[in-house]
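Engineer: this is the structure alone, sequence omitted:
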């Protein structure tokens, strides 16, 4: 089973790389160096913090947007070109195919994110003569967050158009960032129905703030191993849940 | 040809934008006024609060620089630094910079100290914030007792430089608190470098403590 999944994943990686996303790495690197040279002198001694913040935020944002916009058309292209029939004719089930797509997309955007984070580390080493390895803790949790986003991309693309896939996924990202606030404000009202509904939303939505440790590492605080373990476990469970639903929907999808 | 046409259109749009800015005065730091508080900006930041804090910080510095070269009025500096603090409470420099501008340049020491105190609440282990608050109490409000308290607090925080204890001792002496001053100078004598020990001995002798020269 794994060999079939990995075959689809490898193919997906080739397909995504054909979009020349490596250019993104080059543009990001150039933008980072430019920002460092221009903004650091203006930051009144906080140049290192500014470069770290912008580097981590920029890499996370870019990787997430790439996952959303590249991933939203992945399945649709296969359906549009009818190549899905050739794939399904092979001894591979739909769930394995979907899993392969997920792994391929996550791997590619994950490498991009890692590359950008390493660029930030390199720049800080060269310009500020110190290498904050604690940024790697933030990288790991952001990778997990990216995995959840990718899972949602696969879920929505299993039954709707690329445009709606991107829209819904971005909606999940935004509401996932507000999950705690939704629960809080829902509980403030008098209606127990509303409180229950917002509670249900809270538990269904991904709690993306779990993976946000950028502020911590920027201020030189290492991410505790327990937090990393919790975040990774949460992400894997959540990704499993989303992909299970995606598989169930895709199983019933009529390709005509 | 199409690139030239596109370039000409963009240039035209830029000229129009510049003319609009001059006429209607849009853009600039006014956008900072539209945020009722940094908490609203924090919600909109969607997990990128520290980067948003840096943007607000850079904008605040530009605001200060622009007004320093023109009318020397920094009415919005407190609001800007509050936004930065809401977004990133562990960002120390805005508290200090904002506190000093409010106290020294705008002659509002209470507002400046309020900002520093906010920083101290969010970062209780930071010696620098306590030290700067003590400095403002000493220089702006001439409240030597309060300055002594802040300097002493700073001298108990980890990572403080040696001169903090000297400041604490000086302020205590100035406030008439000879007992505290003596204690602090004895600490400097025990832990300071040779230069500081000389000063400590001289001050202790002045306080009537018998110390060997």
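Structural biologist: Arrived safely, thanks for sending. If you're wondering where the values come from, they're calculated on a predicted model, not measured in any experiment.
Engineer: residues touching the nearest residue to residue A:197 once chain neighbours are set aside, list them.
Structural biologist: Nearest residue to residue A:197, sequence neighbours excluded (Cβ to Cβ, 6 or more residues apart in numbering or on different chains): residue A:186, at 7.0 Å. From N, CA and C alone the C-beta is placed, and that goes for glycine too. When contacts are counted by Cβ atoms under 8 Å, 6 or more residues apart in numbering or on different chains, residue A:186 touches A:194-195, A:197-199, A:201-202.
Engineer: go again using 7 Å as the cut-off
Structural biologist: With contact set as Cβ atoms under 7 Å, 6 or more residues apart in numbering or on different chains, residue A:186 has these partners: A:194-195, A:197-199.
Engineer: residues near residue 181, how many?
Structural biologist: Going with chain A. Around residue A:181 there are 14 other residues, counting by other Cβ atoms under 10 Å in any protein chain shown.
Engineer: ah, I was thinking of chain B
Structural biologist: 24.
Engineer: any idea how far it lies from chain A?
Structural biologist: 33 Å (Cβ to the nearest Cβ, to the nearest Å).
Engineer: any idea of the pLDDT on residue B:104?
Structural biologist: pLDDT for residue B:104: 83.
Engineer: ok, and for stretch A:45-57, which residues are buried?
Structural biologist: A:46-57 (16 or more other Cβ atoms under 10 Å in any protein chain shown).
Engineer: which one of those residues sits closest to residue A:68?
Structural biologist: For the buried residues of stretch A:45-57, the minimum distance to residue A:68 (Cβ to Cβ) is 16.4 Å, reached by residue A:57.
Engineer: any idea which helix or strand carries that closest one?
Structural biologist: Following DSSP states H and E, one finds residue A:57 within helix A:47-71.
Engineer: in chain B, which residue sits nearest chain A?
Structural biologist: Using Cβ to the nearest Cβ, the closest approach of chain B to chain A is made by residue B:51 at 3.7 Å.
Engineer: if we can go back for a sec, show the average pLDDT along the helix holding residue A:57.
Structural biologist: On average, helix A:47-71 scores 90.
Engineer: what helices or strands is whatever helix or strand comes next after it leaning on?
Structural biologist: Tracing the chain past helix A:47-71, the next element assigned as helix or strand by DSSP H and E is helix A:74-80. Helices and strands touching helix A:74-80, as assessed by 3 or more Cβ pairs under 7 Å, 6 or more residues apart in numbering or on different chains; DSSP states H and E, comprise helix A:94-128, helix A:135-157.
Engineer: tell me the buried residues in the helix or strand containing residue A:37?
Structural biologist: With secondary structure defined by DSSP H and E, residue A:37 is part of helix A:22-39. Neighbour counts over helix A:22-39 (16+ other Cβ under 10 Å) mark A:24-25, A:28-29, A:32, A:35-36, A:39 as buried.
Engineer: does any part of it sit near chain B?
Structural biologist: Yes - using Cβ under 7 Å from any Cβ of the partner chain, helix A:22-39 reaches chain B at residue A:39.
Engineer: and residue B:45, how far from residue B:141?
Structural biologist: Distance from residue B:45 to residue B:141, counting by Cβ to Cβ, to the nearest Å: 36 Å.
Engineer: what does residue B:63 give?
Structural biologist: Using Cβ to Cβ, residue B:63 is found at 26 Å from residue B:141.
Engineer: okay, now the unreliable bits of the chain?
Structural biologist: Since no chain was named, I'll use chain A. A:255-256 (pLDDT under 70).
Engineer: think we crossed wires, I meant chain B
Structural biologist: B:20-36, B:191-196, B:199, B:211-213.
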